[in-house]
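> prediction below, plus the sequence it came from.
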2 protein chains.
Amino acid sequence: MSEIKPVVAILGGTGGLGTGLARRWAEAGYQIIIGSRSQEKAEEAAADLRALMQERGAGQVQVLAMDNIAAANAADIAALTVPFAHHASTLLSVKEALQGKILIDVTVPLVPPKVARVQLPAEGSAGQIAQNLLGEGVNVVSAFQNVAAVHLQDGQGMECDVLVCGDNKEARAAVIELVEAVGLRGFHAGSIANAAAVEAMTSLLIFINKQYKCHAGIKLTGLDR
Amino acid sequence: MSEIKPVVAILGGTGGLGTGLARRWAEAGYQIIIGSRSQEKAEEAAADLRALMQERGAGQVQVLAMDNIAAANAADIAALTVPFAHHASTLLSVKEALQGKILIDVTVPLVPPKVARVQLPAEGSAGQIAQNLLGEGVNVVSAFQNVAAVHLQDGQGMECDVLVCGDNKEARAAVIELVEAVGLRGFHAGSIANAAAVEAMTSLLIFINKQYKCHAGIKLTGLDR
């Protein structure tokens, strides 16, 4: 565990998954910056989170609101939680601000309306696209793609392991620390090419949710053998 | 459960995964045909399995040996357990024999030597390749790609769910019955396009096995919510 916690920005952080992660990291004592294309939306989400923290009697939690570029500039680590349609444009806008940092890519390349069907991009995965776009100066690490937003929001039933993919092992380890901070197990799962498996699994889980009327996740087994 | 069990052929059934499945299905009372390119190799694997069944005091279990084409002709359902390098050629050889039947594709498109890195084919998955090659007259259902051969062999620690993908729901249901016959849980996981997720996950599990020195599998969670 690091002594000094990194400042975490959540880019496109006003949706279900972004606010869920923000909440869990704030509860764990991380300083949070909610980023959005719109400063106003970021302010709203940050105000909601501050109110929630106060209601819960949480201590000094700093939650800031910024536009995505300012948030990326101010952060030590950034997480990206945007729909796939805004993935590339958001990345290009923060490319300079992220140099030398870690980007946690949570994006799943769903292609509406058939979101329960695996339709991976030609590059292999959203994570690979992010690494290609941002260049070698940014360590892209994919994570959290299989975690249901509803579980992060209510903090209940989070029986989902987080498979952490990225080309740099130390960057993966830093993200695994952030996974554990939200109360989940994180595992080294290989290079950023392997993000394809985790992103594709999300469509399977969406199918299973519809088929079996549930909020499914996956857990690793056989680790102790 | 069907009253009359289908005859199951295992094409390329002399390797670790093929003999593991054959053993579990034979124990469950299915009539098994071990198929191979070489009649001799098929005979050896069948003889081993018969000896094992006798040793265990199993009742009347019929285990036959045939070349792949004869096995596909004689079977009600066929499973394919070959290395990806022999996937297309084996499928073409049994295409006619499989018309009107179900093919369970267990193939994972690993690209040696980097088998812990996801490298899916341009078509998306081995399962999709099989469906394209065999045509609409064959119901391709992918399954068992994440199950470690060692677990099927020894019947221990099989804490791995089987995600069953295929375009035809009845065909998936027939395969789920065969999954349950080996003692595992099987789930409808969408169209054959979704095989990409399960096949890719195998490379992640290989990475995790090396990283954490284990035989990892995956299990669905959150089904009861």
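Looks like it came in fine. Residues are numbered from 1 along each chain as shown, chains lettered A, B, ... in the order given.
> what is the least confident helix or strand in chain A?
The helix or strand of chain A with the lowest confidence, counting by mean pLDDT, DSSP states H and E, is helix A:149-154 at a mean of 81.
> who does the helix or strand just after that helix pair up with?
Using DSSP states H and E, the next helix or strand after helix A:149-154 towards the C-terminus is strand A:162-166. As defined by DSSP bridges, the strand partners of strand A:162-166 come to strand A:139-142 (antiparallel), strand A:186-188 (parallel).
> count of neighbours near residue A:64?
For residue A:64, the count of nearby residues is 19 (other Cβ atoms under 10 Å in any protein chain shown). C-beta here means a position set from N, CA and C on the backbone, and glycine is covered the same way.
> still on that earlier bit, okay, the strands paired with strand A:162-166 in TSV with mean neighbour count and mean pLDDT next?
TSV is the format used below for the strands paired with strand A:162-166 (neighbours: other Cβ atoms under 10 Å in any protein chain shown; pLDDT from 0 to 100):
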stretch	mean neighbour count	mean pLDDT
strand A:139-142	28	98
strand A:186-188	21	98
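> dump those strands into CSV; add distance to residue B:158 as well.
CSV is the format used below for those (distance: least, Cβ to Cβ, whole Å):
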stretch, distance to residue B:158
strand A:139-142, 29
strand A:186-188, 20
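> wait, is residue A:64 part of a strand?
Yes: assignment of residue A:64 by DSSP: H, G, I helix; E, B strand; the rest coil places it within a strand.
> to residue A:152, which of the strands paired with strand A:162-166 lies closest?
Across those, residue A:152 has its closest neighbour in strand A:186-188 (14.1 Å, Cβ to Cβ).
> residues in contact with the closest one?
Under the contact criterion Cβ atoms under 8 Å, 6 or more residues apart in numbering or on different chains, strand A:186-188 has outside partners A:143, A:161-164, A:169, A:172-173, A:175-180, A:220, B:207-208, B:211-212.
> please apply the same query to stretch A:8-15.
Around stretch A:8-15, the neighbours that count as contacts under Cβ under 8 Å, 6+ apart are A:18-19, A:21-22, A:25, A:30-37, A:41-42, A:44-45, A:66, A:68, A:71-72, A:74-82, A:86, A:90, A:94, A:149, A:178.
> buried subset of the residues you listed?
Of all the contacts of stretch A:8-15 considered here, the ones buried according to neighbour count by 16 or more other Cβ atoms under 10 Å in any protein chain shown are A:18-19, A:21-22, A:25, A:30-37, A:41-42, A:45, A:66, A:68, A:71-72, A:74-82, A:90, A:94, A:149, A:178.
> cross the residues you listed against helices and list the overlap.
Assigned to helices by DSSP state H, the following of those qualify: A:18-19, A:21-22, A:25, A:41-42, A:45, A:68, A:71-72, A:74, A:90, A:94, A:149, A:178.
> from the residues you listed, pick the one nearest chain B.
Within the set of those, residue A:149 lies nearest chain B; the separation is 12.9 Å, counting by Cβ to the nearest Cβ.
> which ones are touching the closest one?
With contacts defined as Cβ under 8 Å, 6+ apart, the neighbours of residue A:149 are A:15, A:16, A:17, A:20.
> pLDDT for the residues you listed - can I get that in a markdown table?
Supplementary listing: those in a markdown table, determined by pLDDT from 0 to 100:
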| residue | pLDDT |
| --- | --- |
| A:15 | 92 |
| A:16 | 92 |
| A:17 | 92 |
| A:20 | 94 |
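> in PyMOL, select just the buried ones from those residues.
For the buried members of those, the matching PyMOL selection, counting by 16+ other Cβ under 10 Å, is:
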select buried, chain A and resi 15+17+20
